[in-house]
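Enquirer: let me see the structure of the following:
(chains A and B)
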Amino acid sequence: MKNSYEYPKFAVVGHPNKGKSSIVSSLSLDNSIQIGDTPGTTQIKRGFPLKVDGKVIYELFDTPGFQRGRRVLSWLNKQEKVPADKRHEVVRKFIAEHKGNPKFIDEIELLEPIVNGAGIIYVVDASKPYGVEYETEMEILRWCGQPSMAILNLIGQEDYREQWKNALGHYFRLVRTFNPMTMTFDEHISLLESMSHLKEEWRENIKIAINSLEEEQSRKIDLTVDTIVDNITKTLSFVYKYPIKGKTVSKSEEESAKKIYRNKIISYENKQKRAIEEIWNHKGIDKLEDDLLLDEVGLFSQESASIFGLSEKELIITGASAGAITGAGVDLLFAGSTFFTASIIGGIIGGVGAKFGFNNLYEIEILRGKTIGKRELAIGPMKNLNFPYILLGRSLYHASTISKRSHALRDSLELVNSDDFFMDKLIDSTSRKELEEIHVQLRKGKELKDESLIKYKSVILEAFKKLIK
Amino acid sequence: MQRKNHKITIQDYLDFKQLVSFYKGNHKENRLFALKKKESSKNMVLLWLDEHRFRISEPLNSDIFSIYSSSINNILSFISLLFGLIVGLGLLSYSGNEPVNIIYYLFFAILLPIISMLFTLFSLFVKWNISEFFKMLFPYHWLEKLLSKMGTNRKIEFLDAVLSKSIQKHLFIERLQRFSLLFSLGIFLALLFVVVTQDIAFSWSTTLQIKPETFYGFLEFIATPWRYIFPSFMPSLELVELSQHYRLGVKLESSIIENAHILGSWWQYLAINTLFYALILRFVLWIVSYRILMKKIKEEFFDLYEVRKLLREFKTPFIETKAPKKEKHLEIRQEHKRQVKRIEPKKVEKVEIAIEPIVVEPIKEIIEEPKEELTIDEVEEEIIPEVIAEQYHSIIGWNFSDDEILLVNDFKQFRAIFINSVGGNHSFDEDEEVASRAKDRVLLYVKSWEPPTMDFVDFLEELIDNSRVEEIELLPLGLSENNYITTEKDFSIWNRKIEGLKARKVWVIDEK
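Expert: Numbers count the residues shown, from 1 in each chain, chains lettered A, B, ... in the order given. Next comes the predicted model:
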């Protein structure tokens, strides 16, 4: 049936249990598709249209696997000989004659979109050896006469791609390796580019799809960085005021206030995590978080500090630069007549302070203020020099893991393996100095200037881009 | 509602922040909105705000701000004008005993506004914390503080948290210009009023030893901006000389009395200076400060996280990839259920086994009765091949080549009378022949990594239907590289499938 607007369609077909649904899931960025170890998880074809602003650009069909391929081919071969350009008519005839026949329900489901003009994406598991039984399926697909390509999906550890390439080369114009479980954004785009080569008329639409996906990716990255920066600025400048009963602060009141303060910061981090998961379309994902590293308690743990924070040496340097920044303000006030003494003194004090405060994550300044008729204790802003880096490190690690996660994966997200996370590789000393300028302002409870915030964001953006490469 | 004026106001800023605290829309809605409106980004945000403002159920922050703003503006405008009039009348009060000293007037009507304007300019372009200090020099700051402490204006305090310090600073500066302008207008009106209603004699008097020529030079300098346009308003040196007044004379000098009609002409000089410095310049500064305030509001508005997010959503195409068709959950299809009925064995001989089709482990069974003198290893090496050899009538390989079957047999030490391959590129007739020829015990090899298809099930049914076949043992084989060992996962797939068929003749062999 002809539509007034013809957009490219692709039927993802193949033997049962070869990862067709995983490929569709990863390409359509949809983690709600049923994917199972059991063959025949997909029982009906499902179209996944990629719509850009409501307009369908292309449509992917997830189909059931071939079940009685030999019978279909045998039926086709028994028909009156027709020239190649009429062969697809014979397939259409097969569908018409067998529609409703439970024996061929899977074949009809998978062949229908193809005879209606869909391109063929034939999926095989290249981690298993090639077998002649596949030739039946490939022969049927050849009868359909539609543009086609094959995808070598490496489900297991072994690699039989060479065998497969030799065989598939006889049937398909294009053969590509694509692992939906480890798919990166670049691989996604590269596969779309391959698909655009199947038919000239489809190129324009695929190009639109690629551009849109790239814009979307860039929007997601920006939004992620904005979310992280928003959380850091909110957390670092957060001040909690706790009313006290007596004239002095009791130990229990102090502990209680500290607990509330920490819980608030934890809730900010959780909110940020949820926002990032939503940005990357992984809302409600199951997570396995290491108790000591990435869960709620971990934010204030030594383990978290040692993995995501700065090393003692880096911290001393950072402390010195933070002190120097404060001192520079004094020098500026005296128009340089202090000969930068304040910067030097500030640097030394900052460095020494950072050294001794390295292990003290809980050091929170408690201000005893007094307002008319009541007394209150104020906690914050966070003074610990390492804390912004711990928070940033954790945020970047979580965000990068989420952003790279394929939508084909159905297991729980493991946020534990972070041994290869090194803050100094992500953010060099120059960039760290830029970050520290902002941290100094936030610690003082100052409002950030636009240009400082832009600079801060650009440092974090670069670090995030490095991580998701 | 279509906006004609696309200027972003403080009211928009406040309402937007209030709205996005609980409603942000989503990418799809916002993108569709942008596609419908086709306006510039700036206008689009304001149109979006207009469209969704109704969602704010609480009193609008903009209304609270407007009420506060208009009340403080009205009160302070009135006070400023009145204060200007009073100051003006005070400066020009003339009893007829002594002429009015123009230096007082020049100080309040010209020098003070110039100083305040310089401070304003300085505040406009310096950092917030320094301007904080300067604003304390202005009486308006203290007046506003006083008014804000009054009951009716207390609710405005929460807006401090919403408006940034920078906007607050520029708002203060803009208001300061407005009230200063009114103060100067008051002085100017007082001058005109006094000039019309009284006959004033002006003079100049100072303790400093200033010659009339020097004072004239000073007056000329002040008049620089306008004296070429209105030269007649500039007093002559003669008038300056005549107007100098010394208190010690107690009585007025005779020259002053003689030239009293000339001394009154000073008012033109004072009026035009007031007009230029205190009114025109202040008015320009007011406009400048207002524009800077608007620019700041616009900048900060577009720098709001939610505005940037909204703009990105407007600009970025919305991508949908979800399937409109609901997924059918995995279940056993009707076809399979009917098959189960159809393949039910006609003769039930092994009822106990049939009820619970378990996996048979032939090798184990054989090992259970070893010769007493042999160890298990010896059983494996010597007895099993002999026992197993030729125990099957047929060994059939599904989707295997003949060579591959022979290799497996060799490896596993299995023997049979007939060895056949089926499936793959064999025809159905060939498969049927193999199925019909089989009898007694049949061993069926399958590739464990390939899940069972209906094509295979069809062949298996043929074997089952063959009444001469007593037992079909299905052996899922792993890769030859892995010594044909199958994985747990692959085995369970085959096991489940065979269990599902409920065929009592068929057993899945678990080699582990």
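Enquirer: surely B:Ser468 touches B:Arg437?
Expert: Rather than Ser, residue B:468 is Arg. No: applying Cβ atoms under 8 Å, one finds B:Arg468 not in contact with B:Arg437, separated by 9.1 Å. Quick note: C-beta positions are derived from backbone N, CA and C, even for glycine.
Enquirer: between those two, who's got more neighbours?
Expert: Between B:Arg468 and B:Arg437, counted using other Cβ atoms under 10 Å in any protein chain shown, B:Arg437 has the larger neighbour count: 15 against 11.
Enquirer: please parse the chain into its domains.
Expert: This is for chain A. A:9-198, A:218-468 (automatic domain parsing).
Enquirer: switch to chain B, that's the one I care about
Expert: Under the assignment automatic domain parsing, the domains of chain B span B:95-304, B:343-508.
Enquirer: give the buried residues for stretch A:213-223.
Expert: For stretch A:213-223, the neighbour count (16 or more other Cβ atoms under 10 Å in any protein chain shown) marks A:Leu213, A:Glu215, A:Glu216, A:Gln217, A:Arg219, A:Lys220, A:Ile221, A:Asp222, A:Leu223 as buried.
Enquirer: the stretch 1-150 of chain A: strands as residue ranges?
Expert: Under the criterion DSSP state E, counting those that start in this stretch, the stretch 1-150 of chain A carries strands at the ranges A:9-14, A:46-52, A:55-62, A:119-125, A:148-153.
Enquirer: buried deepest among these, which one?
Expert: Using mean count of other Cβ atoms under 10 Å in any protein chain shown, the stretch among the strands of the stretch 1-150 of chain A with the greatest mean number of neighbours is strand A:9-14 (a mean of 27).
Enquirer: helix or strand for the residue of chain B found nearest chain A, which one?
Expert: Scanning chain B for proximity to chain A using Cβ to the nearest Cβ identifies B:Pro451 as nearest, at 3.3 Å. Taking DSSP states H and E as the definition, one finds B:Pro451 inside no helix or strand.
Enquirer: neighbours around it, how many?
Expert: B:Pro451 sits with 21 neighbouring residues when counted by other Cβ under 10 Å.
Enquirer: that one against B:Ile493, yeah?
Expert: Yes: with contacts counted by Cβ under 8 Å, B:Pro451 reaches B:Ile493, the gap being 5.5 Å.
Enquirer: so which residue is dead centre in chain B?
Expert: In chain B, the residue lying closest to the centroid (Cα atoms, centre = their mean) is B:Lys309, at 3.4 Å.
Enquirer: which stretch of helix or strand covers the closest residue to it other than its chain neighbours?
Expert: Beyond its immediate neighbours in the sequence, the residue positioned closest to B:Lys309 (Cβ to Cβ, 6 or more residues apart in numbering or on different chains) is A:Leu223, lying 6.6 Å away. A:Leu223 is part of helix A:203-236, with elements assigned from DSSP H and E.
Enquirer: next secondary structure element downstream of that helix?
Expert: Downstream of helix A:203-236, the first helix or strand assigned by DSSP H and E is strand A:240-244.
Enquirer: list the contacts of that following strand.
Expert: With contacts defined as Cβ atoms under 8 Å, 6 or more residues apart in numbering or on different chains, strand A:240-244 is touched by A:250, A:253, A:256-257, A:260-261, A:264, A:369, A:374-380.
Enquirer: before we move on, back to that, how close does the residue of chain B closest to chain A sit to B:Trp266?
Expert: Between B:Pro451 and B:Trp266 the distance is 109 Å, computed by Cβ to Cβ, to the nearest Å.
Enquirer: tell me which helix or strand in chain A has the weakest average pLDDT.
Expert: Of all the helices and strands that make up chain A, the one with the lowest confidence by mean pLDDT, DSSP states H and E is strand A:366-371; it has a mean of 50.
Enquirer: picking up where we left off before, which one of the buried residues of stretch A:213-223 sits closest to A:Leu152?
Expert: The closest of the buried residues of stretch A:213-223 to A:Leu152 turns out to be A:Leu213 (Cβ to Cβ; 22.6 Å).
Enquirer: mind pulling up the pLDDT for that closest one?
Expert: Among the per-residue scores, A:Leu213 holds a pLDDT of 91.
Enquirer: quick one, what contacts it?
Expert: Shown in contact with A:Leu213 (Cβ under 8 Å, 6+ apart): A:Phe185, A:His188, A:Ile189, A:Leu192, B:Ile319.
Enquirer: and the fourth one, how far is that from chain B?
Expert: Meaning A:Leu192. The spacing between A:Leu192 and chain B, counted by Cβ to the nearest Cβ, to the nearest Å, is 12 Å.
Enquirer: what about that residue, neighbour count?
Expert: As a burial measure, A:Leu192 scores 17 neighbours (other Cβ under 10 Å).
Enquirer: again, but for the last one
Expert: Residue crowding around B:Ile319 was assessed by other Cβ under 10 Å; the count is 22.
Enquirer: ok, it to A:Lys55 distance?
Expert: B:Ile319 sits 11 Å away from A:Lys55, taking Cβ to Cβ as the criterion.
Enquirer: just the second one next, same as before
Expert: Distance from A:His188 to A:Lys55, counting by Cβ to Cβ: 20 Å.
Enquirer: repeat that for the third one.
Expert: Computed as Cβ to Cβ, the A:Ile189 to A:Lys55 distance reads 20 Å.
Enquirer: so who does B:Gly217 touch?
Expert: In this structure, B:Gly217 makes contact with no residue, judged by Cβ under 8 Å, 6+ apart.
Enquirer: same check, this time on B:Phe22
Expert: Applying Cβ under 8 Å, 6+ apart, one finds that B:Phe22 lies in contact with B:Arg55.
Enquirer: A:His15 reaches A:Tyr130, doesn't it?
Expert: No: the pair A:His15 / A:Tyr130 is not scored as a contact, 11.4 Å apart, by Cβ under 8 Å.
Enquirer: would B:Gly397 count as being in a strand?
Expert: Yes: using DSSP: H, G, I helix; E, B strand; the rest coil, the assignment for B:Gly397 is a strand.
Enquirer: how about A:Ile189, what does it touch?
Expert: Taking Cβ under 8 Å, 6+ apart as the criterion, A:Ile189 is in contact with A:Ile210, A:Leu213, A:Glu214.
Enquirer: quick check, the first one in contact with A:Leu191.
Expert: No: counting by Cβ under 8 Å, no contact exists between A:Ile210 and A:Leu191, whose distance comes to 10.3 Å.
Enquirer: burial of A:Lys283, as a residue count?
Expert: Should you count by other Cβ under 10 Å, A:Lys283 turns out to have 10 residues around it.
Enquirer: okay, now the unreliable bits of the chain?
Expert: The chain I'm using is chain A. Applying pLDDT under 70 to chain A flags the ranges A:1-4, A:31-43, A:284-307, A:309-374, A:410-424, A:447, A:449-450.
Enquirer: I was after chain B.
Expert: Counting by pLDDT under 70, chain B has low-confidence residues at B:1-6, B:96, B:127-141, B:144-145, B:147-161, B:245-261, B:325-390, B:511-512.
Enquirer: thought A:Asp53 was touching B:Leu35, still the case?
Expert: Yes: at 6.1 Å, B:Leu35 and A:Asp53 qualify as touching, with contact defined as Cβ under 8 Å.
Enquirer: and these two? which has more neighbours close in?
Expert: In this view B:Leu35 and A:Asp53 are compared by other Cβ under 10 Å, and A:Asp53 has more residues nearby, 16 against 13.
Enquirer: got the contact list for that one?
Expert: Contacts of A:Asp53 were listed using Cβ under 8 Å, 6+ apart, and they are B:Arg31, B:Leu32, B:Leu35, B:Pro317, B:Phe318.
Enquirer: what parts of the stretch 151-300 of chain B come near chain A?
Expert: Taking Cβ under 8 Å from any Cβ of the partner chain as the criterion, the stretch 151-300 of chain B approaches chain A at residues B:Ser164, B:Lys165, B:Ser166, B:Glu299.
Enquirer: before we move on, the earlier item: find the residues that touch each one of A:His15 and A:Tyr130.
Expert: Overlap between the neighbourhoods of A:His15 and A:Tyr130 consists of A:Val124, taking contacts as Cβ under 8 Å, 6+ apart.
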